[in-house]
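A.B. asks: this is the structure alone, sequence omitted:
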C-alpha cells in the first residue's frame, strides 16, 4: 500500500472539529441531567465516533503515506490519549465508592471497574444493564463507548497491516465493504435485540469507519462556498433533529443512527474544502475550549450525576430555607451542581492529567509508557477483584442499615402502582391504558377516581385497601399534573383530555382525588381545573405534596444508621414541599374552597418528620426522594382515616 494509494497530507488542526466535539459532549450531558428537550442527546456519542474515526484515520494514513506508520507508536498515542484521565477518574471515584456505595453496589462497581480498566465494559453492561434501564445504579456505565472505541483501535492497525500485506491496492474497497457490513449488521441486530446493537463493536464500527472514509477522501470535495454552507447547515440540522426528537423509544442505533452520523460527516467533510458559517460558529472560543476538555468532561459528568442523585454532594438543603421554592427547585439545583462540578473536574483533569501526559512533563514514550499503563491497570484490576471477592466489604455497613437500604426503588412497587395498566410510565403509552380495569365503576359503592402522576399511583393501593366500602379507580401518567391542560408528555395530555372531556362528563363519581408532585407553575392551571369541576358538579379533593429529600430516603437512613447520625436524613430534607404546601393550603381555604389534605403536615406535623413506615424502624417511608413506598402510603392513608380526614 504505497503513498499514492493513500494520498493523505498531514492533518492540520481544525478548530471547528473541537467545536463539534463540544456539541457532542454537551448533548450527552444535557441528556444525562434529564433536560427533557434533549431526549436524544445520547447521539452525541455517535458524533464522537465519527470525529474519532476521521482524526485517527487521517493521522494513520498520513504516516502510511510518509512510510513512517508504526503499530507500536499508534498504540502509544491511544494510551496517552485514553488511559491517564480514565485511570485518574477511576481512582478518585473509587474513594467515594468505598465510602458511599452499599455492599452489593460496591461489588457491582468492582466488576464494572474491572471491565472498564480492561476496555470491555460494553460487554459487561450488555450483560448487566440496559443503557436506559435504571442507569444511576451504574456509575461507570458511560465507559461502554470508550470500550467500543478501544476495541476498534486495537483491531484497526491489524486490519491495515493485513491489507498492506495482501491487498495493497484495495484499502478503500476494504473499508467500504466493512462499513456496509457493519451498518447492515446494526440494522438487523437492532430489530432483534436493541441492547446488543447498542453495545456491540461490530454494530458500531461503521460509525468510526464513516470517519475513516472521510479521511480517505472518498466523498466529493465541495469547492463552492454555497455548497459547503448548505452541507454544514444540513449537517448541524441533522444532529439537532436527532438530539431534539430521538428518545429511548427510538429504534437505535441501526439506520436511525445515520442521521447524526451523516450530519457530522457533512460538517467535517465540507470543512475540509474551505471555511463555512457553521464552521466559524463552531470555531468560537467557548466551543473550542469545551471541545478541548470534552474527553475529561465525558469521563467525569456521569459519576458526578450519580453522586448527586445519591445525595452525597450538594443538596438544596444546604441553602437557606428562606428562599422561595419556585426560584430554584431541587431538580434545577441538581442540574446546576451536576454541570458546575463536572465542568470544574473536567478542566482540572484536562489541565493536570491530559495535557501533562500527552505533551507535557509527564509524557512517557516507548517501553516505559507501556509499563506504566500496564502497572496502573494491574493495580486497578487487583483492587477491583479484591472488592468483588469481598462482596463489597459488608463490614462497612451494619446489617440493619443494609436492610433499610434494601427499600431503594423496590421493583415490587410497580405492582402496587399498576404500572403499564393504570399508571402510564415512559416505557408505555396511553393506548395501553386499561379502561375496563382502571375506570370500572361498581354499583352500590361510592366511586372515587385517583387522578394524577406517579404520586397518585403510589397512593392508589393504599386507598383501595384502606377504604373498604368504596371503589377507588385510577388514572395516572408519569410527570403529569391532573389539570385540564397539563404541560407533560403527549400521553399525559391524552389521558387528561380523555378524563376531563370524555369520562367525567359521562360517568358521575362521588369524588376526584387530585394527587401529584405539584410545582408552583401548576397552581394557576389547578385553579382553572377546580373551577371547571365546580361548574360540572364534580366533587374534588386536592392532596398536597409529600416531604422531599435531596437523596433517596432509604440511602440517607442507611447512612444515618451506619454513621450513628440520627438526624442525618432530616438534614437532607429540602424546603420546597413545606413552602408549597403552605401556599396550597391558603388557596384551598380562600380561593378554591375545596377539601385539601396536607400530606406534608401528616408526615412532618410533629416535632420530627416520620421517616419509617413501621414501629421497628426497618421500612423506610419512601423508596426514593419523594415517592412513598407501598407500606409508607398505607401508613399515611390509615393515619388520615383514623383522624377522620378521609
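C.D. replies: Thanks, I have the structure now. Predicted model, so just to flag it, every value in this text is computed and none were measured.
A.B. asks: in the host helix or strand of residue 286, what's buried?
C.D. replies: Per DSSP states H and E: residue 286 is located in helix 285-292. Neighbour counts over helix 285-292 (16 or more other CB atoms under 10 Å) mark 287-288, 290-292 as buried. All C-beta atoms are positioned from the backbone trio N, CA, C, and that covers glycine.
A.B. asks: contacting residues around it?
C.D. replies: 15, 17-23, 25-26, 281-282, 297, 350 (CB atoms under 8 Å, 6 or more residues apart in numbering).
A.B. asks: which one of those residues sits closest to residue 163?
C.D. replies: Proximity of the contacts of helix 285-292 to residue 163 (CB to CB) peaks at residue 17, which lies at 26.1 Å.
A.B. asks: next, count neighbours for the nearest residue to that closest one once chain neighbours are set aside.
C.D. replies: Nearest non-adjacent residue to residue 17, counting by CB to CB, 6 or more residues apart in numbering: residue 51, 6.1 Å away. Neighbourhood size, residue 51 [other CB atoms under 10 Å]: 25.
A.B. asks: so for the helix or strand where residue 51 lies, mean pLDDT?
C.D. replies: Assigned by DSSP H and E, residue 51 falls within helix 44-65. Helix 44-65 comes out with an average pLDDT of 91.
A.B. asks: please renumber so the chain begins at 28
C.D. replies: Fine by me, first position is 28 from now on; the one you just mentioned is helix 71-92.
A.B. asks: next SSE after it?
C.D. replies: Defined by DSSP H and E, the subsequent element after helix 71-92 is helix 98-127.
A.B. asks: if you count neighbours, what's buried in that following helix?
C.D. replies: In terms of neighbour count (16+ other CB under 10 Å), helix 98-127 has its buried residues at 101-103, 105-117, 120-121, 123-124, 127.
A.B. asks: before we move on, the earlier item: the helix or strand just after the helix holding residue 313 packs against which elements?
C.D. replies: Later in the chain than helix 312-319, the nearest helix or strand by DSSP H and E is helix 321-337. Judged by 3 or more CB pairs under 8 Å, 6 or more residues apart in numbering; DSSP states H and E, helix 321-337 is in contact with helix 42-59, helix 98-127, helix 357-376.
A.B. asks: centre of the chain to the first one, how far?
C.D. replies: For helix 42-59, the distance between its averaged C-alpha position and the chain's averaged C-alpha position is 16 Å (CA atoms, centre = their mean, to the nearest Å).
A.B. asks: tilt between it and helix 321-337?
C.D. replies: Going by axes from the mean of the first three to the mean of the last three CA atoms, to 10 degrees, helix 42-59 is angled at 10 degrees with respect to helix 321-337.
A.B. asks: other SSEs contacting helix 42-59?
C.D. replies: Counting by 3+ CB pairs under 8 Å, 6+ apart, the packing neighbours recorded for helix 42-59 are helix 71-92, helix 252-272, helix 285-300, helix 304-309, helix 312-319, helix 321-337.
A.B. asks: now tabulate those in a markdown table and tack on distance to residue 524.
C.D. replies: As requested, the helices and strands packed on helix 42-59 are exported to a markdown table (distance: least, CB to CB, whole Å):
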| stretch | distance to residue 524 |
| --- | --- |
| helix 71-92 | 34 |
| helix 252-272 | 23 |
| helix 285-300 | 31 |
| helix 304-309 | 40 |
| helix 312-319 | 41 |
| helix 321-337 | 33 |
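A.B. asks: with adjacent residues omitted, what lies nearest to residue 566?
C.D. replies: That would be residue 538: by CB to CB, 6+ apart, it lies 4.5 Å from residue 566.
A.B. asks: and the one you found, how many neighbours?
C.D. replies: Neighbour count for residue 538, taken as other CB under 10 Å: 17.
A.B. asks: centre of the chain versus stretch 175-183, how much separation?
C.D. replies: Relative to the chain's own centre, stretch 175-183 is displaced by 25 Å; criterion: CA atoms, centre = their mean.
A.B. asks: list the buried residues of that stretch.
C.D. replies: Residues 175-180, 183 are the ones in stretch 175-183 that count as buried (16+ other CB under 10 Å).
A.B. asks: and which of those residues is nearest residue 398?
C.D. replies: Using CB to CB, these come closest to residue 398 at residue 177, 18.9 Å.
A.B. asks: can you tell me the helix or strand for the closest one?
C.D. replies: helix 171-193.
A.B. asks: pLDDT below threshold where in this protein?
C.D. replies: The chain contains residues with pLDDT under 70 at 28-37, 161, 342-355, 436-439.
A.B. asks: circling back to that earlier point, what's the helix holding residue 78 packed up against?
C.D. replies: Helix 71-92 packs on helix 30-33, helix 42-59, helix 171-193, helix 228-242, helix 285-300, going by 3+ CB pairs under 8 Å, 6+ apart.
A.B. asks: looking at these, which is nearest to residue 358?
C.D. replies: Nearest of the helices and strands packed on helix 71-92 to residue 358, taken as CB to CB: helix 42-59 at 13.5 Å.
A.B. asks: what angle do that closest one and helix 357-376 make?
C.D. replies: Going by the same axes, to 10 degrees, helix 42-59 makes 140 degrees with helix 357-376.
A.B. asks: between the helix holding residue 313 and helix 42-59, how many degrees?
C.D. replies: Angle of helix 312-319 versus helix 42-59, following the same axes, to 10 degrees, is 70 degrees.
A.B. asks: helix 312-319 vs helix 71-92, what angle?
C.D. replies: Using the same axes, to 10 degrees: helix 312-319 against helix 71-92 is 80 degrees.
A.B. asks: now helix 312-319, how far from the chain's geometric center?
C.D. replies: Counting by CA atoms, centre = their mean, helix 312-319 comes out at 23 Å from the chain centroid.
A.B. asks: wait, which of the helices and strands packed on helix 321-337 is closest to residue 426?
C.D. replies: Among those, helix 98-127 sits nearest to residue 426 (CB to CB), with 18.2 Å.
A.B. asks: tell me what the closest one is packed against?
C.D. replies: Taking 3+ CB pairs under 8 Å, 6+ apart as the contact cut, helix 98-127 packs with helix 130-144, helix 171-193, helix 321-337, helix 357-376, helix 382-386, helix 393-416.
A.B. asks: other residues contacting stretch 459-478?
C.D. replies: Residues contacting stretch 459-478 (CB under 8 Å, 6+ apart): 445, 447-449, 451, 483, 486-487, 490, 494, 496-503, 509, 522, 526, 530-531, 534, 536-542.
A.B. asks: hmm, I was thinking of stretch 522-539
C.D. replies: 451, 457, 460, 466, 468, 473-476, 478, 497, 500, 502, 504, 507, 509-513, 556, 559-560, 563, 565-568.
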